[in-house]
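> with the sequence up front, the predicted model follows.
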Amino acid sequence: MKNIQDEIYDVFWEGPYEWSKRKMTPKRNHVLYAIFGTHYIYGPKTLLYIGRTARASGKRLDEHDWWVDDESDQVFFKLASIGKFKNWEILKKKPKYSPPSLEIVKRIESLLIYAHQPAYNSQGKQDLLQFHNIRVFNSGLSAPLLPEVSYRYFRDE
């Protein structure tokens, strides 16, 4: 059996932000977002959706207006940047990550969706193949997301 090293990334979350402030908060390095609200079964402050964006996240978040407008309670969101994990000292400060490749963002988004099973995501909840050898630390203001997620936890081997 090969000894394959995992690629370890830090997903640094900022927020929460009120839904009405979605156009004022994005930064160029934000490549992921998570939307939270009240779910009729799971209750308040539930993770409803995880997504990625390669453009201004405010514009991407606007594309969710069609369902967010129908939510019965307050909706808020968090934004995240992604960087290669180097050491724990960097995570004590607010890291300044440049956006990674789209392929890395897709793989991390896929792992986060698979691990957290957000209520409104329909894709990515069953596909484990996209994110082999990926390990993620959710840092910053990441609650209620899991602090660490790895594809190794979910595989059948």
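Nice, thanks for sending it over. Numbering: from 1, shown residues only.
> buried stuff in stretch 67-81?
Of the residues in stretch 67-81, 68, 75, 76, 77, 78, 79, 80, 81 count as buried by neighbour count, 16 or more other Cβ atoms under 10 Å. (Each C-beta comes from the backbone N, C-alpha and C, glycine too.)
> same question for stretch 24-37.
Buried-residue list, stretch 24-37, by 16+ other Cβ under 10 Å: 25, 26, 29, 30, 31, 32, 33, 34, 35, 36, 37.
> can you pick out the most distant pair from the residues you listed?
29 and 37 (25.0 Å; Cβ to Cβ).
> quick one, strands of the chain?
Assigned by DSSP state E, the strands in the chain fall at 7-18, 32-39, 43-52, 76-84, 134-140, 148-150.
> the first one - contacts with which helices or strands?
Under the contact criterion of 3 or more Cβ pairs under 8 Å, 6 or more residues apart in numbering; DSSP states H and E, strand 7-18 touches strand 32-39, strand 76-84, helix 88-92, helix 102-116, strand 134-140.
> hey, C-alpha coordinates of the third one in CSV?
Think helix 88-92. C-alpha atoms of helix 88-92 as CSV (Å, rounded to 0.1, in the frame of the first residue of the first chain):
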residue,chain,number,x,y,z
TRP,A,88,-0.8,26.5,13.9
GLU,A,89,0.9,29.8,14.6
ILE,A,90,-0.5,31.3,11.4
LEU,A,91,-4.0,30.4,12.4
LYS,A,92,-3.7,32.5,15.6
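> show residues contacting it.
10, 12, 137, 139 (Cβ atoms under 8 Å, 6 or more residues apart in numbering).
> who wins on neighbours among the residues you listed?
residue 12 (25 neighbours; other Cβ atoms under 10 Å).
> how much space separates the nearest residue to that residue once chain neighbours are set aside from residue 101?
In this structure, residue 12 finds its nearest non-sequential neighbour in residue 140, 4.4 Å apart by Cβ to Cβ, 6 or more residues apart in numbering. Applying Cβ to Cβ, to the nearest Å, the value for residue 140 to residue 101 is 21 Å.
> who has more neighbours out of these two?
Using other Cβ under 10 Å as the criterion, residue 140 and residue 101 rank with residue 140 on top: 18 against 9.
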